[in-house]
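In: Next input, structure requested:
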Amino acid sequence: MKLNKNFIGINYFQTTAIQEKLIEILMDKKMLQPVLEIANWDEQDIITREKSLKELHNNTNHKFFYITKKVQEHSELIKFEKVNLGWFRNLKSQMSTYILNRHEFFRFKVVEKKEIYILHFYKDPHLSDEEFDFYRNMNFPLAEFNGYKFDTFKIYIDEEKYPDGFMPENELWGQNPINKQRFVKLLLFVELSEPTIEIVKDNQKVKLDDSWEKSMDGKVKNESGVNVILVNTMWNKVIINDSGFSVKGHIRIQPYGPGRTLYKPIWIDEFQKSGYIRGIEKLK
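Out: The predicted model follows:
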């Protein structure tokens, strides 16, 4: 597999004009109308949004992560009823992109102990005529990005202001909360578990072991122009019993340490409703 501009996350990083155009679209009054009318945004809120978008698109010290299918699948096993903002309090400030495949990425900025600002860019084969017309009227370069959608959202690490972390305004834009949950699960798995990582420098080829997904053909060559961090996992494969009386295995974010203020993912094995639970196991 070759990591190059055929991956939308890398193409987007390399194309400053696309970044500038997207900021322009996201700051357009038609895009902001719902929050201007309903969420009572004032001029300072608009200025703050534009500042956040520009900071998010600063390529300086930006890190790229290629998230393997195995990591994506395992992160989806994380279960929670609502976001616990304590999970994020020990995250360090960073600018990063999670590349999930050729057609999807999460680009985000973490401001330590304050907020996480996220851009989600992905291909939607079911882009409606209205959405297509919207992007066309904004003069977005559809020739190269035809069929792609994007949205932004914040996680405020402030339980008093936002108990679940997310701006209520996000829903006014019709954003799918599942995408927010997917990002949270990926972030938790990458940051709090112990993933296997391989740093592939520009123009470097790396031979991968059998634990990596077969679609990578056992090796990867980095042609992106930047270093890329490949993220894999050595967690045990999940065996699910389809019995109607069992609870499927899943991952829980468990507090630990002094005052139980730190967090880590632990594996909850499948169990019968009688309540048997076995702790996590990892491959050595």
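In: And for Ser128, the neighbour number?
Out: 9 (other Cβ atoms under 10 Å). Where you see a C-beta, it was placed from the backbone N, CA and C, and this is true even at glycine.
In: Next: Gly257.
Out: 10.
In: contacting residues for Gln204?
Out: Lys221, Asn222 (Cβ atoms under 8 Å, 6 or more residues apart in numbering).
In: That one and Phe13, how far apart?
Out: Distance of Gln204 to Phe13, given as Cβ to Cβ, to the nearest Å: 18 Å.
In: With His103 instead?
Out: Taking Cβ to Cβ, one finds His103 at 15 Å from Phe13.
In: Which residue of the two possesses the greater neighbour count?
Out: Higher neighbour count among His103 and Phe13: Phe13, with 23 against 16, using other Cβ under 10 Å.
In: Can I take it that that one is in a helix?
Out: Yes: when DSSP: H, G, I helix; E, B strand; the rest coil is applied, Phe13 is found to be in a helix.
In: Go ahead and confirm it touches Asn58.
Out: No: if you go by Cβ atoms under 8 Å, Phe13 and Asn58 don't touch, sitting 11.2 Å apart.
In: Just give the closest residue to Cys148, not the sequence neighbours.
Out: Heads up, residue 148 is Tyr, not Cys. Leaving aside its chain neighbours, Tyr148 sits nearest to Lys123 (5.2 Å; criterion: Cβ to Cβ, 6 or more residues apart in numbering).
In: Tell me where the stretch 1-150 of the chain has helices.
Out: 8-14, 16-26, 29-37, 43-56, 69-75, 129-137, 142-145 (DSSP state H, counting those that start in this stretch).
In: The residue nearest to Tyr148: neighbour count?
Out: Using other Cβ under 10 Å: Lys123 sits among 15 other residues.
In: how near is it to Asp158?
Out: 33 Å.
In: now swap in Phe88 and tell me
Out: For Phe88, the distance to Asp158 (Cβ to Cβ) stands at 11 Å.
In: Neighbour count: those two, which is higher?
Out: Neighbours were counted for Phe88 and for Asp158 using other Cβ under 10 Å; Phe88 has more, 24 against 13.
In: Just give the nearest non-adjacent residue to the more buried one, would you?
Out: Nearest one to Phe88, counting by Cβ to Cβ, 6+ apart, is Ile157 at 5.2 Å.
In: contacting residues around the one you found?
Out: Here Ile157 is in contact with Leu85, Phe88, Arg89, Lys113, Lys114, Glu115, Ile116, Gly165 (Cβ under 8 Å, 6+ apart).
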